[in-house]
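Peer 1: mind looking at a prediction? Sequence and model below.
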Amino acid sequence: MVSVIFPAAGAGRRMKAGKNKVFLELAGAPILLHSLLKFSSLPAVGELIVVVAEAEVDYIGRLLAEVRGLKPYQVTAGGAERQDSITNGLKLLNPEADVVLVHDAARPLVSLETIEAVVRAAEEKGAAIAAVREKNTIKAVDAAGFVRETPPRENLWEVQTPQGFRRELLLRAYEKAAEDGFLGTDDASLVERLGEHVFVVESEYRNVKITTPEDLLIAEALLACPGERLKRTASTALKAAVAGLKAHWKKH
């Protein structure tokens with residue numbers, strides 16, 4: 001069984017929306033809902049664990065109770081850092097989960113093909129991450145502002161989510177990081193510290209993380225492309241979910 005942890009406890013300061021960015025609407029539904037329904041549509045996924053700010057736990061729980069089409073889910077409070085939030089999510093894992101995915105709740109445009117590819121790679125290789133080839137030239141710059149190195153672009157990848165791991169491996173990586181007081185940039189970095197190999201699954205550039213107002217505009221534009229709206233946002237599940245939410249909002 002696959003369990004998916006969705007870190008969604010960020011303050012969203014760069015979005016400048018005055019609220020958690022995952023509550024912002026994309027094509028008529030909250031960003032969070034797009035992400036949860038996408039993973040719920042996969043047979044291999046058995047549970048969703050949503051990690052939000054402590055003050056939002058009850059609200060999210062009530063909100064999701066009105067949504068049809070979701071796999072079994074739990075909502076829990078996050079921590080000061082993303083790593084702390086994932087740690088809290090790991091504590092809730094179903095004992096039957098053998099693969100754990102971690103996916104940014106603010107990446108609603110991830111494709112089913114990418115998710116399935118990460119799951120397969122995690123099962124076969126132990127650890128896998130979605131990523132795309134770097135399109136820009138990258139410079140390594142020193143503290144004084146001078147360029148020190150230009151890494152070969154063909155070796156550079158921009159990392160996304162989902163990131164997938166065999167349950168035992170991810171738990172061991174998090175335990176070791178906590179023991180050492182290490183704070184990583186992503187989940188894979190914790191696994192890499194154990195000396196384990198992490199496999200790269202080539203993803204798609206449209207798997208954007210909605211962090212700024214410009215990102216939201218890009219996501220809206222991608223969903224408006226011919227064929228994309230029907231494929232990604234006009235599913236029966238999403239329509240039913242939005243109908244349930246609207247009924248909920250009218251009551252409250």
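Peer 2: Yep, that arrived.

Peer 1: report the buried residues of the strand ranked longest in the chain.
Peer 2: In the chain, ranked by residue count with DSSP state E as the criterion, the top strand is strand 157-166. Buried residues in strand 157-166, counted by 16 or more other CB atoms under 10 Å: 159-166. All C-beta atoms are positioned from the backbone trio N, CA, C, and that covers glycine.

Peer 1: nearest to residue 21 among those residues?
Peer 2: residue 161 (15.2 Å; CB to CB).

Peer 1: what kind of secondary structure is residue 184 in?
Peer 2: Here residue 184 is recorded as coil under DSSP: H, G, I helix; E, B strand; the rest coil.

Peer 1: so the closest residue to it other than its chain neighbours is in which element?
Peer 2: Nearest non-adjacent residue to residue 184, counting by CB to CB, 6 or more residues apart in numbering: residue 190, 4.8 Å away. Residue 190 is part of helix 187-192, with elements assigned from DSSP states H and E.

Peer 1: quick one: list the elements packing against that helix.
Peer 2: Counting by 3 or more CB pairs under 8 Å, 6 or more residues apart in numbering; DSSP states H and E, the packing neighbours recorded for helix 187-192 are strand 127-133, strand 157-166, helix 167-180.

Peer 1: that one: how far from the chain's middle?
Peer 2: Relative to the chain's own centre, helix 187-192 is displaced by 16 Å; criterion: CA atoms, centre = their mean, to the nearest Å.

Peer 1: and the contacts of that helix?
Peer 2: If you take CB atoms under 8 Å, 6 or more residues apart in numbering as the criterion, helix 187-192 is touched by 83, 86, 102, 127, 129, 159, 163, 165, 169-170, 173-174, 176-177, 182, 184, 198.

Peer 1: this completes my enquiry, with thanks.
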